[in-house]
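Undergrad: please work out how this folds:
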Amino acid sequence: MTSPATRAKIKLLVEYVTVTLPVAVYICMEAFQRQEWLHLIHSPEWSIATIFLAIQAIRLFLDSVQNKAGQYIVHLLILSLGLFILCAGINTYIGLEQDDDQSTLIIGGRWLLFLLSSLLFIYVAGAALYKEEV
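TA: A predicted model of the protein is given here:
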């Protein structure tokens, strides 16, 4: 029998892959069609993955919150993930306007948002899934 932590990690991995894999597959298909492999890094669709991760983290977290004790933390978390969603949306809009001529700042910002959203997803959704297993 597996431990609750192992089951939570497996569920977290499945959730993460379910959210990010469709976006990654689309980006790979677009890069293949364009014959432009740097598109894997420059694609504005990574911001869409950031938005999906933030929304899924909020959903999993709210499903696990049952008491009123940590309401300030809940609101702060939702506001921070909402800020990621807003920033990723702005980054997507800018990236779509400058598809071929994106600055390093835009690309770096997109990847920073995606990595931070991934870390928050692992932390928040992982905690929610672990709480569900215990």
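Undergrad: distance of the most centrally placed residue in the chain from residue 22?
TA: Using C-alpha atoms, centre = their mean, the residue of the chain that lies closest to the mean C-alpha position is residue 53, 2.8 Å off. From residue 53 across to residue 22, the span is 12 Å (C-beta to C-beta, to the nearest Å). The way it works is simple: take the backbone N, C-alpha and C, and place the C-beta from them, glycine included.
Undergrad: next one: residue 91
TA: Residue 91 is 19 Å from residue 22, by C-beta to C-beta.
Undergrad: same question for residue 58.
TA: 19 Å.
Undergrad: settle it for me: which of the two has more neighbours?
TA: residue 58 (20 against 14; other C-beta atoms under 10 Å).
Undergrad: any idea how far the worst-scoring helix or strand of the chain on mean pLDDT is from the middle of the chain?
TA: Counting by mean pLDDT, DSSP states H and E, the chain has its least confident helix or strand at helix 71-97, which shows a mean of 77. The chain centre lies 10 Å from the centre of helix 71-97; the measure is C-alpha atoms, centre = their mean, to the nearest Å.
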